Structure formats: C-alpha cells, structure tokens
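Q: sequence first, predicted model second:
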Amino acid sequence: MNFLFAGIKNWPIHHEWEHLMAEALRAAGHQVLFLGCEPGSLEACECVDHTTLANHGSHRAFCHDCARFQQGVHARAGFREVSLRGSVQQDAELDARLNGLDDERILRLGVAGFSLEELLTPSIKRWGKSGQPVREIMSGDVLRQHARTILKVEQRFPGIVHREGVECLVVLNGLFGTERTLSEVARGLGLRVINYERGHVRNTLMFSDAGPSCHMEIGHLLPADDAPELESAQAALLDSYLDGRRSNRDSNARFGTGSAGPGRRAGTRAGETRTRIAVFSNVSWDSSICSRPTVFGSYRDWLVAVIELARSHPQWDVVLRVHPGEASLQYDPTADRTADWVATRMPPSNLEVIDADDPTSSWDLAQSADLNLVFCTTLGLELACVGRTVLVCGDVHYAGRGFTREPVSAAAFEESIQDCLQNPLPQAETRRRARHYAWHLYFKAPTPFPWVEEVEYGRPQRLAGPVDMVQLSKDELLRGLLGWFAGERATPPSLNDLLEAPDSCPLPWRFGSRVIRVRGSLAILITAHDRPDSLRRVLEGYRQQSAGSRSFRILVVDDGSPASLESLVKEYQAWLEIDCLRLDVQGGPARARNRGLDLLLQSGSGVGCVFITGDDMIPDRELVARLQESRRGWNDERVALLARVDWHPDLALNRVMKLVSRNGMQFAFERLPARAMLPAAYFYTSGVALDAGFLRRSGLRFREDFPYAAFEDGEFASRAMAQGLILAYDSALKVYHDHAMDYRGFSARQRRVGAAARVWHALNARAFHEVAGNEPQSPPDRRDMRFLERALSELSRLDLSALQGVAGMAGDLAAQLDREQDTLLEQLFRLHYEAGWFERPLFQAGTTVSGRLSIVIPVYNQCELTRACLESIRRQTSGDVEIVVVDNGSTDGTRDLLASQPDILVVHHPLNLGFARACNAGVRQASGELVVLLNNDTVVQAGWDLPLRHELADPITGIVGLRLLYPDGTVQHAGVVFNNEGLPWHVFRGLPGLSAPVMRRRELSAVTGACLAMRRELYLNMHGLDENFVNCYEDIDLCLRVRDAGYRIVYNPDGSVLHFEGRSEGRNERIAHSWLVLQERWQGKLPRDEAQVLAQAGLRLDRDPRTGAVRYLPLDPSPEETGREASWLLENERHEDARKLLRWAINQYPNQLDLRRQLIQLESALGNKAQAERLAAGILNLAPATEHTSLTSPGVSS
C-alpha cells in the first residue's frame, strides 16, 4: 500500500511521530511519501525570512514555491518527498484565477478548513490581536495567501494521488485549517485518511523551548526520597543549559543587587525597607492552551488575585514581569496581552508592570526579590535550581516535589505568601532537589525518539546516555495499523488511541511504568431492566454511529433483570467495545448508575466523559460525533451536555403523547433555543454527558433513596451545581424515546413520580422547592379522579357520524371535544401525581407571582444619594418589601448611615468588588420571590413596583425594566437597543418623559441594570451577573442570556424612577474592558434591532458624524419639517447631509418649490453649477398647478 504523509508540522515532535510510523510501514514493504511543502502554513521558508524556523536547526520547506524543498527534514530522514509546487505557467494561471475571484469568495477560501465554532464562539480561542475576528485579521496578503494555498490543494493534490498511486493519506493536524481541505479532497478521491491530532495532558509536559519535545508523564523523573547531588559532569552540563536560558532572556541589569542588597531596597523614610515580590507571567497563549489551573480557576483569576494582593498591602512592592515571549506573538488567542489586560483592572501604584518588550532582566529581578510567584512558567524551576523560594499557583509539572511552595486554595493565597516570606525554603535542600529534577527532565529523558537530531540551547545533538523508557516496537505499531486495514478494527489507530486508552489499544505506549494519556475516551452508560428488545434497538443505534462504532465504549448495567442481558451484550461485542455489569437484585436506576460510574471511573480506565442514558433511548446517528465535537468546543470539565429527547420518528403520536410533550410533563424542549444554559430542573438522565474529571473531583453520585427514575436526576443536579456544574443544552445532540405511551401507563408514572417527590422533599425541602418548583397540597379527592376518568371514557366513545349531514357541525364539535379531552387528561395526570404533588410544566408555571419584593442596592460612597434612595423606597413602595444594601467598602460615612437603619439588611464588602459581585451577593442574601437590582443614585416614584409585580406574574417574562428619567423630566432609559455594529445604547434618551414613543410597552433585547426586576429563582439559576464585567455591560449580558433561555425582556413605562446617572462612582473607569468581554462572548450573536424599534415608533435617527450627538426625526417628514431639517443641517455645516435630504425630498414632494430653491442654492454654493441649472430647468416640467415663481441664485438664470 502507498502512504502519503502530509500536514503542518510546527514542532520536531510531529516529525518524530511521523518518521517512527513511516519507518515501521517501510520496513513492512509499504511505499511511503511525504508532502515536502506542508500545505497551509503561513510561516516563511529560507527563501523569504526563516528567522523562526532557523532556531530548530533545519529547513522545514514551508513555502510551496521554495526551490530547495528537497532539503526538508523528511528528505534528510531518507524519505522521498513530493510537492504541490507548479510550473511558472501553472502558478500564473492560479494567480489569474485568484485575481478573478470577488472578496467574498476569497474570504470563503481563506477561512476554509475552519469550523464556524472555531471562527466565532467564545469557547474556542480566537486568532488575532485584541480579539479581532478572523474576517478582520485574515485580510490582504494573509487572506490571499491562504486562499491561494486552498486552490493549490484543490487543483494539484489529485494529480499527485493519481501519479504516485497514493492509497492512504496520513495527516498530522496543526495550527491552521488547510489539512481539513486536504482530507476532504482525499476522501473524495477514495483514499483512506488517518488524522493525528495534537493534545495536552494534565501533569504532562508539552514541547516548548524550555523542555523536551514529547507528550509524556514526568511523575517518575524525581524519586520521592532520593535527590542526591549531581555528579560534576552532570552539574556542568545543567549549568551550561541554564546559563544559555538566562542569556536568552533579558539584558538590562536594572534590578542588579549591588545597591540595595538582595531582596531589599530603600524606602521613602530613612531606615525603611520594603518587601519586594516578583511575579512572572506566562505567555498568554501558553497559559490559555497548555495549562490546567488547580488553585485558581484560570490564569486571569490568578492575575486578579495578584492585583488585589498589591492593593491590600501598600507596604509591599509588587513587580509583574510579563513574559518576553508575548512581544513576538503573531496571534494572541486570549484577546488581550497581559499588560493591557492588567491595566484595565486599575492596578494600585505599588504594582509595577514590566511589559514583554522591556529589556529588564527577569533573572536579576527574581534574584533581588524576597519571594517569586509563578503560574506555570519554567522560570520557577530554574529559580529553585539556585535555591530561591518560589510559590507556584498553576498546574505545572515541577510543582509539589518539595522544592517549591503551592497555596492550598485561592482563599489561602495571601496566607501562603506571608508564610513564604516568614519561613522561606532551605536554600541548600531546595537547590539540590530542583537540580536533580531538572537534570532528569532536560537530559535523561528528553525525547521519546533519541535518534532524531535536534539542537536547542546547547543541548547535544545526540544523547550519549541511556533513555529511561520502554520504546514502542515498530512491530507493535505496525500490527495496529495493519489490523485496521485488514478490517479487524473499525477505525484507524489515532494518536488518541496511542495515548488515551491503553487497556483496549493494541499499541501499548509507555514510559517506564507510566501510561501516557492525552484525552479521556467517551463512555456510554446504559441502565437496563428486562427490556431486551428495546435494548437491542438502542445498541443497533450505537452500532450505526457515523463516528465509527469503535470511537467509544459502552457499559450496560443490568439492574436485576429476570433473564440476564449478558448474552445480548456479547452478541454486540463483534461490533462494539461493550461490556455488561450484572446486578443480581434490582435496586433502582440511581443504584445502577452509581455502580456503572464506579466501574467506569476507576483509576486507569481512560474514561474522560460519561454519557448517561437508558435502555429505551435510541441515539441519533450523529450523536457520538456531535457529542465529541461539543466536548472539544467547551473544553471545560464543569460543563454537562444535555441532549434533546424526542419521540422516535417511527412512533405514531397519540393524544397522551402529544399532551405530555406540549405541557412539559415528559419532554420540554420545544421552546428552548438551540443552545442554552439551563437550571437544574432540566437535568435529564435520558441523555446527559458528564465530564469524568468533574465526577472524580466532586465524588458525586446519585442518591439511592429514590424508588423510581424521577427526581433523582434533579436532586443530583442541585448538588452538582452547588459544586460548579454548568448544564449546557445542545439541540444537535439527540436521542429518541423508543416506546409509545398510553393514558394508563402515564398515569401510573405520575403516581410513581409523586412518591419520588416526597422522598426528595423529606431529604431537602428547600432544594426540592427551588429546583422542582412545587409545594405539597392537600391529597386529591379520589371521587374527583373517578369522575374525570368516567367523563374521559365517555367522550372518547362518542360517535359523531350522525352529525355528518349538518354542514360543519361534526368538524367543529370534534375540535371542541379534542380540547375537552386534553383538559380532562391534564387534570387527571395532576390528580394522579400522588398525595397532591403537582409536577411543574416547564415554561408554564403558575399564573401569578406574589409575596416579598427584595430590593438589592449596591453602594460605594455617595452617602446622601443612598439616603434619598432608601427614603423614596419606604415612601413609594407597597406590599411586603425587603431592602438589601451591599456596601462595597465605602469610606464616606455610608457605614454609619446603614448602621442607623434597622429595617434594612446590610452586606459589607471590605473592598469595592464591582457592581456585579455586589448584586450577586445581595440576591443570595435576599429572601423575596422577586428581586430588583436598583442603583443607589435613584429616587423611585409612586407605584413604581406595581408594573414589576404585574409583568413577572407571566412565567414567560424573565426580566422587567422601567422608565428612568433625568431630574429635568427627559428620558434616561426607555429600553436598550443595538445598532448595526452591535453596540447597545439607551433608545429615546433625551426625549420628553411622557412622549408617545417612550410611553409604549415593548419587548426588547435588553434593559438597564439600574432598575431591573426578576424572579429570584431565575436569577440564581442563570448564575446572576457575570463578575468578569466591571461596572458596565453586565446587565446587557444577563438580558441576552435570559433571552437565549427562552424568556421575554420587557420594558414597561407605567413605573418611573428618577436616575442621577453618572453619580455612581467607578461607572466610567472600565467600560473598555467590559465592552471587550461582551464582544468576545457574544461574537456574531448581538442583536441589531435599532432600526426596527425606531420604525415602530415612527422615527429615524440622525447622528452628527463629528460629535456623535443623536436627534430623533420623523420617519416620513412633511415638506415643512424637511425644510427646517435642511436649514438646521446647513447651519451646522453638514452640507452633504443637507444635500442628500433635499434630493430625497424633491423626489418625495416634486411640486414643493421651496425645497427645490434650497437645493439649487446649496448646489450653487458647493460649486455644482451644472447641477443647479438642471434643477432650475426642471421646474418647467412640474405639474400645471404649480405656481412658477422666479428662481434666482448666484450663477443661475431664472
């Protein structure tokens, strides 16, 4: 068989993988070719500018037109290379075709190979500086070059395949998207395609300039109790390597230790010394892609903690050194460089930021500091090698080995720093252990393939000593490949096969006794009881998955079936990776799931995700493929993926099945958006995927108290969400309910559900009420049930044939009887919900919302404004009211004011942590069914709360906003709209407060958070305001999330509030940062409703291009209004706008001579004499009724 290896190889490790496999295939007699000019890379080769690649010591031939491509690493390794390079004439034809394409076609070609999610969604790290979308950064030469590459692949690759007789394409996916096009072309030509994707592993070291080029676990490198001093030759080699690292870093000796002494410098007063803490950041790309935080939620969370540390300790000097590597980044997926992002957080004066391109010596800074903080940069290891105390806050390979310190939690961060300052690590022991580890890391096991030459930072070309690992034999690798070709495997052995599932993989890839893993595999957990026919249909669905039946494993838990299901499972072992766990006694679905999870999650299983489902849920053919794609997109262990559950398309839906779906008693997905973040009530074990890492870390399992499959999933979700679980619904994930349901079956189910409800209520009444939304009622009257059952039976037996002769009567009566039967069925199902438990129909709960109104007011200083706000609430609000004030560390007497008010609940924050965090804290403390977020610079007006209560009585309404007025009576807020650029703004701002457009109730995309009302349950289920925003746009983000979850956002003008906007401190300081966060999260999804809302109000907008000032004008102005508008524009020297308006007006009102006169005079003034004369001559063609008056203007005859 003829193999062709192709793809982008940015690191030597990729060549090592390829060459190992190619050598194995060649040894078995197969033909192996390499595509010498790797398609898709935009990096230059030697013929242009080879600066970056020259560091690796070999020419990579990345340029398609490089005449020296035969000198690539593949040719040097003894493999024949082929090229996409064409003749001069062919290249000219290619360029001619490219030049003939329009911009949109070039854009499509230029981004070919990327998925829509990779281009647009926040969950995929985007390309570009400062968060620019691909359309903006891939412009000009970059876009055209990539489009040219795509055309070259499409035109020339088929010729290579036919000429060389290629039968299999092996693609190593890299950083750009051309390999996908290459794979698609290859599949279209009938080739087999093997894709090898890069991955990263917790506690593993990826290739970098600072470490070995391999994916390997390094836990065995440092023995627990054995760290002897290095031998002299070893020490010399390590010192040489470290010296090379230091010399490559920085040059400026600003932090030399000569003057102030190590770790100290003079203070502002005589004899004072100040503590210096050096903080070393990561390259932003490194920290977002390669690290997995443990103590802090993310790299940014750590930076925030550093900033707050400096703020709370003004006596310390904190120096943040940005990684010099950021200065040379071409792409910045985190949307902000570190220095720019830190600046948006308003750092205190004692925090100094040294940017990436500053030549200050990082090494000298570290040596001069009392303590060094790192996230996961390798500098921490190098500092430990010279005995410095290092506090490591990220998940880095050298942490936890006795020569660094690590905080136990984010809350203990400051305590750990104090401890390090007071009790630094012993220098000699730290130095000895760190150097022992570094020697093993850099020299004893630096690469899995020591025959591959590589020169970096003085490392020898070829290792002289032995390598501590068991090398994979070529025979074992070849056996795995050929097994696929012979049909013994359904899918080719991918890189994930090599690294993630050693128990089932024929390629045992190990270093010593440690198994390498990249990403855990997918496991399907099916609980089953005595339904073999249904289970067979389910397994058949997994056998036919488009992703391949070997791309996942299945565990069937037989929950005590009378006849074991093991024989059926064994039948499918010929096609599926499937096992059966037999439980002798039926213990219920919760117990069965738990036993299955215990087995799947045991150490060494390789499971990374568990999809929980049942023996009557047939998977859609694309389920596994889309589930794997969605997992890659989220890449967050906290996210649980919820599938859509529908009746199977082959089932004929009866009245009961339609009713229970429509009313949310069985499947409640119809009104959900395609993707949504959902509360615990939606957690449904018929189809939900949970990350194995989350399950292992949390230790959560289903409670086995529940006797039936009802509410045990919601109870589990309520506990899981308390530990950070996020439930993400994706309608592309589908499973189908396999059997029909009739009235008796569903009524029996309702009774069992009622019994399960009582169990949960007994376990935790508050959690049950919050998630299920129910409270126990008095038991139902059994006579009511019998009456409804008889009525339903009689209605279903009615014969309407006798009415056929009466025109229309039979049809109308039948429709009415249908409605009556639906009503009766619904009442029966509720009565059968045993002991009066009423299951909440999702999206149709209750008809009113009554009870307490909790008003949450975040404050920071502005004591008198707060006093006026509180007095107005007491004076103008009716009903049961609770006031919750969150004080963000006020310093002006606000604390004394609040202490003097016994009727309010006060939450004190020691620092100003922002509007979002304050509101969230207040809502958590509130006890009302409804909550209102209210600024402290407001004064509420009489009856303001009544529209809020009225609107929120509708369960479809999620958020309500009111009319906010400036003290002069003009509008500050009458709803929020989004302009054509997606920028939100307050529509109708500045109009009179009682004008017609303002006094109209509307459903909008957003309202302001200055006065925003919600049900408290919904607020908590949506996780409140996002605290990544700082005093701006957090309200807009919340509205968009609530709207995406299927709720309405309502503006009601019947309630009004005076708003002294701009008086709340900190409002304008960080708008730019919050706008960037909003853009990143809602990229491509922001509404554009400005024009629609204005048109509904009969208005259009005029924005002054110089000042940005906004005016509201009639949508269809009269001639008089048009003339006045044109005069105003001319007075303000907006001549072109006036010209456009008048030209429109004379077409709209052709007989209006005053408008023509204005336009003629304007054209003459602008020097357009010919145009002015044509306009004057046109008067003769006007209607006869027009009174022809003399028109005279400079240079124009009458």
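A: Ah, there it is.

Q: C-alpha only now, for contacts and for neighbours.
A: OK.

Q: so where's the stretch 851-1000 of the chain shaky on pLDDT?
A: By pLDDT under 70, the stretch 851-1000 of the chain has no low-scoring segment.

Q: what segments of it are helices?
A: Listed in chain order, the helices of the stretch 851-1000 of the chain (DSSP state H, counting those that start in this stretch) span 863-876, 894-899, 915-925, 945-951.

Q: which strands or helices does the shortest one pack on?
A: The one in question is helix 894-899. Under the contact criterion of 3 or more Cα pairs under 8 Å, 6 or more residues apart in numbering; DSSP states H and E, helix 894-899 touches helix 863-876.

Q: CA atoms only: put stretch 1072-1081 into CSV for me.
A: Taking Å, rounded to 0.1, in the frame of the first residue of the first chain, the C-alpha atoms of stretch 1072-1081 are listed here in CSV:
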residue,chain,number,x,y,z
ALA,A,1072,-13.5,49.5,27.5
HIS,A,1073,-12.7,46.2,29.3
SER,A,1074,-16.3,45.3,29.7
TRP,A,1075,-17.1,46.0,26.1
LEU,A,1076,-14.3,43.7,25.0
VAL,A,1077,-15.7,40.9,27.3
LEU,A,1078,-19.2,41.4,25.8
GLN,A,1079,-17.9,41.3,22.2
GLU,A,1080,-15.8,38.2,22.9
ARG,A,1081,-18.8,36.3,24.5
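
Q: what about residue 399, how many residues nearby?
A: Residue 399 has 20 neighbours, counted by other Cα atoms under 10 Å.

Q: can you classify it by secondary structure?
A: For residue 399, the assignment made with DSSP: H, G, I helix; E, B strand; the rest coil gives coil.

Q: how much space separates it from residue 434?
A: Look at residue 399 and residue 434: by Cα to Cα, to the nearest Å, they are 10 Å apart.

Q: swap in residue 560?
A: Taking Cα to Cα, one finds residue 560 at 55 Å from residue 434.

Q: so for these two, which sits in the more crowded spot?
A: residue 434 (25 against 19).

Q: check which helix or strand the more buried one maps to.
A: Using DSSP states H and E, the element containing residue 434 is helix 427-439.

Q: alpha carbons only: can I get that helix in PDB?
A: C-alpha atoms of helix 427-439 as PDB (Å, rounded to 0.1, in the frame of the first residue of the first chain):
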ATOM      1  CA  GLN A 427      18.300  27.100  50.100                       C
ATOM      2  CA  ALA A 428      20.600  24.100  50.100                       C
ATOM      3  CA  GLU A 429      17.800  21.400  50.000                       C
ATOM      4  CA  THR A 430      15.700  23.400  47.500                       C
ATOM      5  CA  ARG A 431      18.700  23.700  45.200                       C
ATOM      6  CA  ARG A 432      19.700  20.100  45.500                       C
ATOM      7  CA  ARG A 433      16.200  18.700  44.800                       C
ATOM      8  CA  ALA A 434      15.400  21.100  42.000                       C
ATOM      9  CA  ARG A 435      18.700  20.400  40.200                       C
ATOM     10  CA  HIS A 436      18.200  16.700  40.500                       C
ATOM     11  CA  TYR A 437      14.800  17.000  38.900                       C
ATOM     12  CA  ALA A 438      16.000  19.400  36.200                       C
ATOM     13  CA  TRP A 439      18.800  17.000  35.200                       C
END
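
Q: name the residues that touch it?
A: By Cα atoms under 8 Å, 6 or more residues apart in numbering, the list of residues contacting helix 427-439 from outside reads 221-222, 227-230, 234, 238, 381-382, 384-389, 402-404.

Q: equivalent analysis for stretch 851-861, please.
A: With Cα under 8 Å, 6+ apart as the contact definition, stretch 851-861 has outside contacts at 866, 879-894, 912, 915, 918-919, 922-923, 926-936, 1064-1065.

Q: quote the end-to-end distance of stretch 1102-1109.
A: Chord length of stretch 1102-1109, first to last residue, is 8 Å (Cα to Cα).

Q: that'll do, ta.
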